[in-house]
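Engineer: Coordinates for the following, if possible.
(one chain, ligands or ions: 1)
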Amino acid sequence: MKTEERILIIGDTHCPAMHPRYTAFLRDCRNELVPTRVVHIGDLLDFREISRFQQNPNRELFRAELRRARRQVEALVDLFPRADWVLGNHELRYYKAAERSGLGSECLQPISVLTGVPWRTHRSGKLLIRGIEFHHGDQVRSSAFPAAALAAARGRHVVLGHHHSKAAAGK
Ligand SMILES: [Fe+2]
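Structural biologist: Residues are numbered from 1 along each chain as shown. The predicted structure follows:
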């Protein structure tokens with residue numbers, strides 16, 4: 001007999017810019033749906049202050065952003081102590097900043113330690129669960145229906161983040 005799996009997908013929270021009522025919304029979802037598994041599909045954090053667009057990166061501003069982000073992230077971790085975390089392009093800013101500095105990302109502390117998020121990370125930006133591809137989506141060409149386009153190209157169900165207003169499940 002197949003066991004039923006209910007996967008709750010969270011995407012593009014961009015902490016510390018997460019909507020103030022989003023945690024309450026997720027609590028309602030958790031209580032109603034009783035998920036067996038949780039996937040954050042990327043851009044959990046924004047990392048604005050270490051973006052390549054930032055002309056004058058400043059350590060204190062980054063630390064302040066991280067402190068504010070961690071307060072929001074803690075609320076999510078309280079709700080969901082276990083989850084998979086597919087890293088998005090905003091999380092990759094952490095590694096790219098280290099590469100630009102010449103330090104190299106191998107010298108960094110794990111992103112789970114930096115952020116206080118104990119979830120299982122997937123730096124490839126993808127995760128396959130029972131033949132369904134969970135994909136952050138920043139590598140997918142933008143189109144009117146990027147999830148449907150990727151699903152057609154892959155020949156499998158796809159759940160896509162990143163595109164915000166366009167994100168959707170496709171087949
Ligand atoms: Fe993204």
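
Engineer: List the contacts of the nearest residue to L33 once chain neighbours are set aside.
Structural biologist: Closest residue to L33 apart from its sequence neighbours, by CB to CB, 6 or more residues apart in numbering: R6 at 5.8 Å. For every residue, glycine as well, the C-beta is placed using N, CA and C. Each residue near R6 by CB atoms under 8 Å, 6 or more residues apart in numbering is listed here: 33-37.

Engineer: how much space between R6 and the ion?
Structural biologist: 25 Å (CB to the ion, to the nearest Å).

Engineer: Likewise for V117?
Structural biologist: From V117 to the ion the distance is 17 Å (CB to the ion).

Engineer: okay, and the helix or strand of this structure with the least pLDDT?
Structural biologist: Lowest on mean pLDDT, DSSP states H and E among the helices and strands of the chain sits strand 169-170, with a mean of 54.

Engineer: Just say helix, strand or coil for the one residue in the chain that gets nearest to the ion.
Structural biologist: Per CB to the ion, H162 is where the chain lies closest to the ion, at 3.6 Å. State at H162, reduced to three classes by DSSP: H, G, I helix; E, B strand; the rest coil: coil.

Engineer: Wait, it touches A147, no?
Structural biologist: No. H162 lies out of contact with A147 (CB atoms under 8 Å); the separation is 10.0 Å.

Engineer: Return every residue with contacts to both of the two.
Structural biologist: G137.

Engineer: hang on, the earlier thing: quick check: of the contacts of R6, which has the highest neighbour count?
Structural biologist: P35 (16 neighbours; other CB atoms under 10 Å).

Engineer: For the spatially closest residue to that residue that is not a sequence neighbour, give me its contacts.
Structural biologist: In this structure, P35 finds its nearest non-sequential neighbour in L8, 3.7 Å apart by CB to CB, 6+ apart. By CB under 8 Å, 6+ apart, the residues touching L8 are 26, 29-30, 33, 35, 37-39, 80.

Engineer: if you set the cut-off to 7 Å instead, what comes out?
Structural biologist: 29-30, 33, 35, 38 (CB atoms under 7 Å, 6 or more residues apart in numbering).
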